[in-house]
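> Compute the structure for the input listed below.
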Amino acid sequence: MLAEIITIGDEILIGQIVDTNSAWMAKQLNLIGISVKQITSVSDDESHIIEALQNAEKRVDVILITGGLGPTKDDITKTTLAKYFNMGFRRDEPTLEIVSQLFKRLNRPMIELNAKQADVPVGCEVILNKRGTAPCMWFNEHGKIFVSIPGVPYEMMYLMGEEILPRLKSRFKLPHIVHHTILTAGIGESFLATEIEDIEAELPSHIKLAYLPRLGQVRLRLSATGDDQAKVTADVQVFVNKIVQRIKKYVAAEEDIPLEKAILQLMDARALTLSTAESCTGGYIAHLITQIAGSSSVFYGGAVAYSYSLKESVLGVKKSTLTDYGAVSEETVKEMAEGALKHFKTDYAVAVSGIAGPDGGMENKPVGTVWIAVCNKQKTISKLFHFSNERIQNIERSAVAALTMLLNMLKEN
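Numbers count the residues shown, from 1 in each chain. As a prediction, this is how the structure comes out:
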């Protein structure tokens, strides 16, 4: 069973908003055994929408359309669908009642433009939208299923979860799709591929392996399809075990989670605490950590100490260390980490000091030079990195490198 998602709206194509709907929808469809063949974004233009519908019909069984269902003239999805299927309009009374009640609750008058939200193509099945004024419309036409869904994310999610996905599951015999993700850190994609080349060659035809790299990390996703979910899951697990055993020292998690969450879970299970001392990363490591719900059970806090004076007063770095070696040095970053450990009273601490750029580089310390230290009460480890000339990339790479060093120290202990 194949699906295509068509998002409609000039605001997407000019970059005014980011299309998060498609990614969420694709994930939910995949979970019930429907593969998304293509995601298409088109403008609020009748000819473009019709062309997208015609092309989608040739490729897939289910076409899901989001956006363009508002009450204003620029929202033309409904009229375009009616033209495409050669249908007139009718007023759907249950939808009109929902719209009327909404305006009544808001104590606002309902004008005809709002009432027209209840006008739908005569041949569609209306799926009531209890979260908004625009109805969801289901068409069985041309031997395909077309579903037009409001583009407001919380309305779309409600309709997909409560109505559309259950209907698709009940109407079709769908295969089981099983995914298992292995998060790795500290090894590049090509080196990783070399490490597991022979295991990858053993994969049966119904199991696929995908490499999903990002800065300092690679996710390995094993995917399999079959009618027997238990068997498919067991087949995937055999190869997960083989891969994890082979690259154990690089494995951060056996699930699709961020590196920082994997670390927090590990530390929380051991009742360990963490603090940070950041210079060139400007609090980005703390930001990554505190995005995770429940991080307060592990993360006590940290310091963003850019200046020499703050490195001294907040973290206890010796003035002589800064004078003799500079802020971007092994000596300084080790004292930053040890100072955080001491002053913030945690079990582990991470410190970063470097030259993020694009300015500030020197002959012996060019832009991209970063020192990172990780410590606990028993030892401190430090490492020098040479990244690029790109400031944002250097900040992100430094954070991932620091988290990877912390993970490795945790695994050693």
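
> Residue 237: which element?
Per DSSP states H and E, residue 237 falls inside helix 229-246.

> in that helix, what's buried?
Residues of helix 229-246 classed as buried: 232, 235, 236, 239, 240, 243 (neighbour count, 16 or more other CB atoms under 10 Å). In this view, the C-beta of every residue, glycine as well, is placed from N, C-alpha and C.

> Check the offset of that helix from the chain's centre.
24 Å (CA atoms, centre = their mean, to the nearest Å).

> How about stretch 93-110?
Offset of stretch 93-110 from its chain centre (CA atoms, centre = their mean): 36 Å.

> okay, it in CSV with CA atoms only?
What follows is stretch 93-110, C-alpha atoms only, in CSV (Å, rounded to 0.1, in the frame of the first residue of the first chain):
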residue,chain,number,x,y,z
GLU,A,93,-25.5,20.4,8.3
PRO,A,94,-23.4,18.6,11.0
THR,A,95,-20.4,20.7,9.9
LEU,A,96,-22.4,23.8,10.0
GLU,A,97,-23.6,23.0,13.5
ILE,A,98,-19.9,22.6,14.7
VAL,A,99,-19.0,26.0,13.1
SER,A,100,-22.1,27.7,14.6
GLN,A,101,-21.3,26.3,18.1
LEU,A,102,-17.7,27.5,17.8
PHE,A,103,-18.7,31.1,17.1
LYS,A,104,-21.4,30.9,19.8
ARG,A,105,-18.8,29.9,22.4
LEU,A,106,-16.6,32.7,21.2
ASN,A,107,-19.5,35.1,21.4
ARG,A,108,-18.9,36.3,17.9
PRO,A,109,-21.3,36.7,15.0
MET,A,110,-21.0,34.0,12.2
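
> buried sites along that stretch?
Within stretch 93-110, the residues that count as buried by 16+ other CB under 10 Å are 95, 96, 98, 99, 102, 110.

> Identify those among these that sit within strands.
With DSSP state E as the criterion, strands contain none of the buried residues of stretch 93-110.

> of all those residues, which comes closest to residue 126?
Nearest to residue 126 among those is residue 95, at 6.1 Å by CB to CB.

> Can you tell me what sits against the lowest-mean-pLDDT helix or strand in the chain?
The least trusted helix or strand in the chain, going by mean pLDDT, DSSP states H and E, turns out to be helix 112-115, with a mean of 84. With contact meaning CB atoms under 8 Å, 6 or more residues apart in numbering, helix 112-115 is reached by 71, 72, 91, 96, 99, 103, 133.

> Could you verify my assumption that the third one touches residue 117?
No: between residue 91 and residue 117 there is no contact under CB atoms under 8 Å: 9.9 Å.

> Looking only at neighbour counts, state which of these two leads.
residue 117 (25 against 12; other CB atoms under 10 Å).

> What strand or helix carries the residue lying closest to the more buried one once chain neighbours are set aside?
Nearest residue to residue 117, sequence neighbours excluded (CB to CB, 6 or more residues apart in numbering): residue 133, at 4.6 Å. Assignment of secondary structure by DSSP H and E places residue 133 within no helix or strand.
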